[in-house]
Structure formats: structure tokens, C-alpha cells
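**Q** next input, structure requested:
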Amino acid sequence: MEKHKVALESLDPYRIRNDFPIFERKIRGKPLIYFDNAATSQKPKSVIEVEKRFYEETNANIHRAVHTLSYESTVLYEESHKKVANFIGAKNWREIIFTRNATESINLVAYGWGLHNLRKGDEVLITIMEHHSNIVPWQMLRDQKGITLKILDVDDEGRLKLDELPRLISERTKLVSVIHASNVLGTVNPVRHVINEAKKVGALVLVDAAQSIPHIPVNVTELGCDFLVASGHKMLGPTGTGFLYGRYEILNEMEPFLYGGDMIETVTVEKSTWNELPWKYEAGTPNIAGGIGLGAAVDYLNRIGVEKIFEHEREIVGYSLERMSDFPWIELYGPRGNDRVGVVLFNISGVHPHDVAGILDEEGIAVRSGHHCAQPLMRRLGMDIAVRASFYLYNTKEEVDKFVEVLREVRRLF
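**A** Have a look, this model is predicted:
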């Protein structure tokens, strides 16, 4: 506990906020309170400046020329792959494929591995709490390949029913695809346990780390997963950036997802051969500036320390739950323990979630209302939509106090 206290004190959200230009913005004359971090995070000056500097000083295509600008661009872009690899504990930087987002990364696995390796009767296991991006691609394979899609349920607090795993995993299970931290409830799932169970039958495991990578330390080597996906824009990086981690031997054997320029080694009119990793999966001119910006975001997270970010979020989410629990007209969802990232899902009795979000916006407070791209989970919890407040390293308790004050006003108005 003392260790946590020291780590928390060393993260000063007020100082950190100075690194983010958007917090100079006012909404209807009120300071911006940004509680929509599960949708996308804000960007520090260092990330913005790196992209700006690339276009002003270095802009050129990569891997296509020997001139100075192309060489410098290539080095910067490849260095970002290496930064991401080190950040997640990958053994080889060539195991990092840059994509547009976690959604594209999952589709890369579904098309590049699933279409070519799954057969009728094979099984893929997911959970009821998955983001749509980790449901729809496997439904596509079910419809095209005749595989069976199995679903692991959650309990009423939003924790996985791990006791059902032995019944759902069998010799026919070829892939388990599981979310690490829920974008709806903030639940941090015991993915290492899930991975261990999957490995007993030789199944591969994909971890959707879009909501965990920005908030908690993640090491793919320690986890033992075969694939891991994340979105750069949720971890202080530019929009349109993300990555897939895959074990080298699997990526080497998989088929490409996109075909065209730069992903080839040779092309004749008869046939083509593929480039080495990771370029085999990065067809065409990539988002070079965005990839370099993602590397800058990793640099920033490393300077702050992800462990400290997690401790800060736990403090903020715990304080929020404590304040909100005082009001019987607020219905809170999700686990009450510390095994969650900075997400609070709630509804106010008798008030539509969109109305709640609209009134909060009038006071400069940004939250999200809706189904949060997780309709199966929402239905499992007995609702269609709800309000989500999600926190990050630059949020403060004073912002939570203002947020709760406005919620009281919402209740009074309705």
C-alpha cells in the first residue's frame, strides 16, 4: 500500500495537463472536463509536434528511395515499431504490424489466419463483453467457413464466469479471442488464466488490449498470447494508428491481408512473393506521420510510467464510485473492487442517458452515452444504453466533484 501511495503522489495530473493543449479550450465558457477517454485520449504537445515536424522537415515515402528524406522517414518509422515492441515486451520488433486501429488488427488476423486455417466444425471462443470489433469478424468466419462461435458469459457484476471455461474449451477450439479490459465496465479480465486454459488444447489466443495498453502494464511475453491488438489513439497517439502483435512464426506463415505496393519481395506477370516482416502486412504507403506520432506517445507514456497511471486511475475511479454511491437514484454497473480501469458506467433513474450527456455537455463535461459498441453485453446487463465516464492520467478529483454536482442538477431538473 505504501508503494502505491508513493507512485500515486509522483503523478501530478495538474502538471500533466500543461502538456495537453486542448485543456486550454473552454466549452460554452466553461473549462473542458474530458471524461470520454475510453473513446479516444487527448494528445500531448510532444505527439503533435512530432507529426508537425515530420511534415515540415522530413516528409517522404518510406522504403522507396535512397535520398536523405526517404532514409530519415524510414528510420523514424521503423524506430516507432521498435518502441512499441519494447513497450509491450515483444521479443522481436518485426512482430509489430502497424494498422489503423485495433479493429483493423483483428480483421488482419481473421482474414490472414482465420480464412486459411479454420475449417467447418472448428470453434472460436469469445466473451459476451467483447467490443463489436471482436465479435463481427468471427461471425463473418462462422458464416463463410461454418465454424462454431462460442460465448463465455459474465456474472451480474461483469466478471467472466471462469468456471465455465472447461466446458466451453475443447479439442475443437482453435482460437480464443478475449478483451483484456472492458470498455464498458472497466473490468480487467484474468487473461493469463484464459490463455493457460486455451493452451491446454493447443488453441491460439488473441488479446484485445485497446483498453488495457494505455492504462496498465502489459507484457506479451509474460502473458504468452499469440496475438495482441491495440489502438494508438487511445494511448495518446494519433487517430488512424494502431498495431497488431503476433508471434513471429505465426505471422511468417500467415497470408497477407492487403496486397499491393511494399508488401512484396518480387513481382512477375506469373506470381509474386512477399516482403519480410512486418512489411508483409503493411501494404501501400502507410500513415507514416501517425506511426511516428505513435512512437512519440509511447515515449511519453514511458516517461510518466504506466504503473503510476493505473494507480492514479484507481484513485479517481474509486473516488467517483464513492461519490456516486451516495445517491440511490444513480445505478452503477461493473465490479466494485480494484480490478478495473478508469471507467464508470451508470444511469440516472427516470432520465434518458442522452439527456444526461447533453446536460453534462452544457457544463463542459464530455462523456459518452449509448451502447458503447458492446450491445450483447448491454443486453446481458439488462439495458440498451447507458452513460459512461472514463478517466485518464490528466483527470482530477476536482473534476469528479464538478461532474457529481452536475448530476445532482440533472436529477433536480427531471
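**Q** domain ranges for the chain, per the record?
**A** If you go by automatic domain parsing, the domain ranges for the chain are 2-43+305-413, 48-303.
**Q** any idea which helix or strand carries the residue most central in space within the chain?
**A** Central residue of the chain (CA atoms, centre = their mean): residue 210, 1.1 Å from the mean position. Taking DSSP states H and E as the definition, one finds residue 210 inside no helix or strand.
**Q** quick one on the thing from earlier: just name the most buried of the domains of the chain.
**A** Neighbour counts averaged per stretch over the domains of the chain are highest for domain 48-303, at a mean of 19; criterion: mean count of other CB atoms under 10 Å. Where you see a C-beta, it was placed from the backbone N, CA and C, and this is true even at glycine.
**Q** give the rounded mean pLDDT of that domain.
**A** Domain 48-303 carries an average pLDDT of 96.
**Q** let the chain start at 27 from now.
**A** Sure, I'll start numbering at 27, so the last one becomes domain 74-329.
**Q** just the terminal-to-terminal distance for that domain.
**A** In terms of CA to CA, to the nearest Å, the two terminal residues of domain 74-329 are separated by 17 Å.
**Q** check which helix or strand covers residue 338.
**A** Using DSSP H and E, residue 338 sits in helix 332-350.
**Q** following element in sequence after that helix, please.
**A** strand 356-359.
**Q** just how off-centre is whatever helix or strand comes next after that following strand within its chain?
**A** Per DSSP H and E, strand 356-359 leads on to strand 369-374 as the next helix or strand towards the C-terminus. Centroid separation for strand 369-374 versus its chain: 20 Å, with CA atoms, centre = their mean, to the nearest Å.
**Q** what sits against residue 165?
**A** residue 175 (CB atoms under 8 Å, 6 or more residues apart in numbering).
**Q** 10 Å instead?
**A** For residue 165, the residues meeting the contact criterion (CB atoms under 10 Å, 6 or more residues apart in numbering) are 136, 150, 152, 158, 173, 175.
**Q** between all of those residues, which two are separated the most?
**A** 158 and 173 (18.5 Å; CB to CB).
**Q** does residue 318 lie in a helix or a strand, and which?
**A** When elements are assigned from DSSP H and E, residue 318 belongs to helix 314-330.
**Q** just checking, what packs against that helix?
**A** Counting contacts by 3 or more CB pairs under 10 Å, 6 or more residues apart in numbering; DSSP states H and E, the secondary-structure elements packed against helix 314-330 are helix 71-79, helix 94-114, strand 122-125, strand 268-272.
**Q** what do you get if the cut-off is 7 Å, keeping everything else the same?
**A** Where contact means 3 or more CB pairs under 7 Å, 6 or more residues apart in numbering; DSSP states H and E, helix 314-330 is packed against helix 71-79, helix 94-114.
**Q** at which residues are the strands of the stretch 27-176 of the chain located?
**A** For the stretch 27-176 of the chain, strands defined by DSSP state E, counting those that start in this stretch occupy the ranges 52-53, 56-57, 59-60, 122-125, 149-153, 174-178.
**Q** to residue 88, which of those strands lies closest?
**A** Closest approach to residue 88 among the strands of the stretch 27-176 of the chain is made by strand 122-125 (11.0 Å; CB to CB).
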